[in-house]
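J.: Have a look at this prediction, sequence included:
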Amino acid sequence: MCLACRKREPMSRLVRLAVVDESTPHIAVDAQRRLPGRGAWIHPDQRCVDSAVKRSAFRRALRTQAPAGAQLLDDIRRITESR
């Protein structure tokens, strides 16, 4: 289910996001869908990403205060194009 629009879709149509805790925690695209911990799914389109940012859905779904970086949308697009 997309965390922004709440529509149910096959996982192949959604992108998984996870909190990566390297030196500073941040939200990143989980391209291989294997990162440990809580994950969230979103449609790889501008409308859903904008909606999720506006409603703070990333932080709520992932239960973190880690920011959704500006590069997140570019990462989502790159993963979508490689599929």
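T.: Received, thanks.

J.: alpha carbons only for contacts and neighbour counts from here, please
T.: OK.

J.: What is the three-state secondary structure of residue 41?
T.: For residue 41, the secondary-structure state derived from DSSP: H, G, I helix; E, B strand; the rest coil is strand.

J.: That one and residue 23, how far apart?
T.: Distance of residue 41 to residue 23, computed by Cα to Cα, to the nearest Å: 24 Å.

J.: and what of residue 4?
T.: From residue 4 to residue 23 the distance is 28 Å (Cα to Cα).

J.: try residue 71
T.: 17 Å.

J.: And the two? Which one has more around it.
T.: residue 71 (11 against 6; other Cα atoms under 10 Å).

J.: State the pLDDT value of the more buried one.
T.: As predicted, residue 71 sits at a pLDDT of 80.

J.: what's in contact with the lengthiest helix in the chain?
T.: Counting by DSSP state H, the longest helix found in the chain is helix 72-82. Helix 72-82 is contacted from outside by 15, 27-29, 31, 44-46, 49, using Cα atoms under 8 Å, 6 or more residues apart in numbering.

J.: So what's the residue count around residue 32?
T.: Around residue 32 there are 9 residues (other Cα under 10 Å).

J.: For residue 1, see how far away it is.
T.: 18 Å.

J.: do the same with residue 16
T.: 10 Å.

J.: which one of the two has more residues nearby?
T.: residue 16 (23 against 15).

J.: now the helix or strand harbouring that one and helix 72-82, what's the angle there?
T.: Using DSSP states H and E, residue 16 maps to strand 15-21. For strand 15-21 against helix 72-82, the angle by axes from the mean of the first three to the mean of the last three Cα atoms, to 10 degrees is 130 degrees.
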